[in-house]
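Peer 1: Just to be clear, the model below is a prediction. Sequence and coordinates:
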Amino acid sequence: MPLLPLVHIVATGGTIAGTASSTVDTANYNAATLGADALIAALPEAGQIARIDSEQLYAYDSKDLQSADWLQLAQRLRELATQQNGPTGILVTHGTDTIEETAFFLSLTLPRKIPVVLTAAMRPATARSADGPMNLLQAIAAAADPRFAAAGPLVAANDRLWCARDVTKRHTHAPDALGGFEAAPLATAIGTRWCAPRWQACDDTQAFRAALPARLPEIWILPGYAGAPAELIDAAISKGVSGLVLALAGHGSMPTAWEPALARALDAGLVVVRASRIPSGGVAPNANYADSVRGTLASGALSPVQARILLALGLATGCDRNALQILFAQY
């Protein structure tokens, strides 16, 4: 009988490892209370898919993750992916609140050697209809499947497998909260079998895969809304942040009242990216707004949180404005 593939699970916490005092309470619970061993022990079926080993890298509610945690995770996954006689694939358990940010960061920074799959849950492990166990089994099956090695980090949830850049949290509490707005999933599952893969290439920029930066610069996301005060920009200048992503209305429409503060930010050396709070459509360079003249960048198809990650990595690796403009154009 052939040896089953080896999947290494890196647990980081989240609702998937959460517990509540009642089996019907899916709102009031403690996240990240169960360790990796407990999650695996509850899934005897996993042994029919792959050999499993695991580690607990950290145990957080994902809303509390910092950029230093991303760097720690990426470094550990790099080590695992390049181990001699190492795992066939890697599975990362995570919280849904920021899984889209972690997945996008990893998609920019990890070499594409073996499958890397993230999964999460909307209901704690103690819930009567917990979604975590099946998500885990399907994620193990994806991590064990060499077809997914070249796709970059993926997110598995609710019978669907998403490329990192396509997935977002689109519902606050429903089990099918993770998904895409304009993109289709890479593959769909029946049980633990992934079928009908969509082999449209996920992003394959090599820009950040040579070495991880020691730290990431501080980038703020500022919301644009009717009556939003320009003091938000001045506060960012006074704090000495390296860049701003403006989550603006419409197609990245800059409030007129923000213009003087924006000029001060650019004069102070901040890199400013126009993005949109609208979930679909993106923000293209705008001739009327004259990004090239004023010195701002357009986010392209990236969401504000994705633009923040790309900008932070670009600045951390020494990109000037022209290089950043090319980088954002790739997306």
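Peer 2: Done, it's in. Everything quoted here is computed from the prediction, not taken from an experiment.
Peer 1: If you count neighbours, what's buried in the helix or strand encompassing Trp220?
Peer 2: Taking DSSP states H and E as the definition, Trp220 sits inside strand 219-223. Across strand 219-223, burial judged by 16 or more other C-beta atoms under 10 Å covers 219-222. Glycine gets a C-beta too; all of them are placed from N, C-alpha and C.
Peer 1: Also stretch 165-173?
Peer 2: Quick answer for stretch 165-173 (16+ other C-beta under 10 Å): 165-169.
Peer 1: same deal with stretch 58-66?
Peer 2: Residues 59-62, 65 are the ones in stretch 58-66 that count as buried (16+ other C-beta under 10 Å).
Peer 1: circling back to that earlier point, tabulate the buried residues of strand 219-223 in CSV, adding columns for distance to Met134 and pLDDT.
Peer 2: What follows is the buried residues of strand 219-223, written out as CSV (distance: C-beta to C-beta, whole Å; pLDDT from 0 to 100):
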residue, distance to Met134, pLDDT
Ile219, 36, 98
Trp220, 38, 98
Ile221, 33, 98
Leu222, 39, 97
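Peer 1: Same list, those, but as TSV with distance to Arg321 please.
Peer 2: Below are the buried residues of strand 219-223 laid out as TSV (distance: C-beta to C-beta, whole Å):
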residue	distance to Arg321
Ile219	15
Trp220	18
Ile221	19
Leu222	19
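Peer 1: quick one: which of those is nearest Phe328?
Peer 2: Taking C-beta to C-beta as the measure, Phe328 lies nearest Ile219 of these, at 13.5 Å.
Peer 1: What residues are bridge-paired with the closest one?
Peer 2: Counting by DSSP bridges, Ile219 forms beta bridges with Gly243.
Peer 1: for it, what are its contacts?
Peer 2: Going by C-beta atoms under 8 Å, 6 or more residues apart in numbering, Ile219 touches 241-245, 308, 311-312, 315.
Peer 1: Out of those, which end up buried?
Peer 2: With burial judged by 16+ other C-beta under 10 Å, the buried subset of the contacts of Ile219 is 241-245, 308, 311-312, 315.
Peer 1: could you show me where the helices are in the stretch 201-331 of the chain, in order?
Peer 2: 231-239, 259-267, 291-294, 304-316, 321-329 (DSSP state H, counting those that start in this stretch).
Peer 1: what helices or strands is the third one leaning on?
Peer 2: Counting contacts by 3 or more C-beta pairs under 8 Å, 6 or more residues apart in numbering; DSSP states H and E, helix 291-294 packs against helix 259-267.
Peer 1: How about the fourth one?
Peer 2: In this structure, helix 304-316 makes packing contacts with helix 99-109, strand 219-223, strand 243-248, strand 271-276, helix 321-329, judged by 3+ C-beta pairs under 8 Å, 6+ apart.
Peer 1: What pairs with the helix or strand following the longest one, parallel or antiparallel?
Peer 2: If you walk from helix 99-109 toward the C-terminus, the next helix or strand you reach (DSSP H and E) is strand 116-119. Taking DSSP bridges as the criterion, strand 116-119 forms sheet pairs with strand 89-93 (parallel), strand 154-157 (parallel).
Peer 1: Compile the ones you listed into JSON lines and extend it with columns for mean neighbour count, mean pLDDT and distance to Ser303.
Peer 2: Shown next, in JSON lines, are the strands paired with strand 116-119 (neighbours: other C-beta atoms under 10 Å; pLDDT from 0 to 100; distance: least, C-beta to C-beta, whole Å):
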{"stretch": "strand 89-93", "mean neighbour count": "27", "mean pLDDT": "98", "distance to Ser303": "20"}
{"stretch": "strand 154-157", "mean neighbour count": "30", "mean pLDDT": "96", "distance to Ser303": "14"}
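Peer 1: I'd like those strands laid out as TSV, including distance to Met134.
Peer 2: Formatted as TSV, the strands paired with strand 116-119 follow (distance: least, C-beta to C-beta, whole Å):
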stretch	distance to Met134
strand 89-93	14
strand 154-157	9
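Peer 1: And these: which comes nearest Ser22?
Peer 2: That would be strand 89-93 among the strands paired with strand 116-119, by C-beta to C-beta, at 22.9 Å.
Peer 1: Check the offset of that closest one from the chain's centre.
Peer 2: 14 Å (C-alpha atoms, centre = their mean, to the nearest Å).
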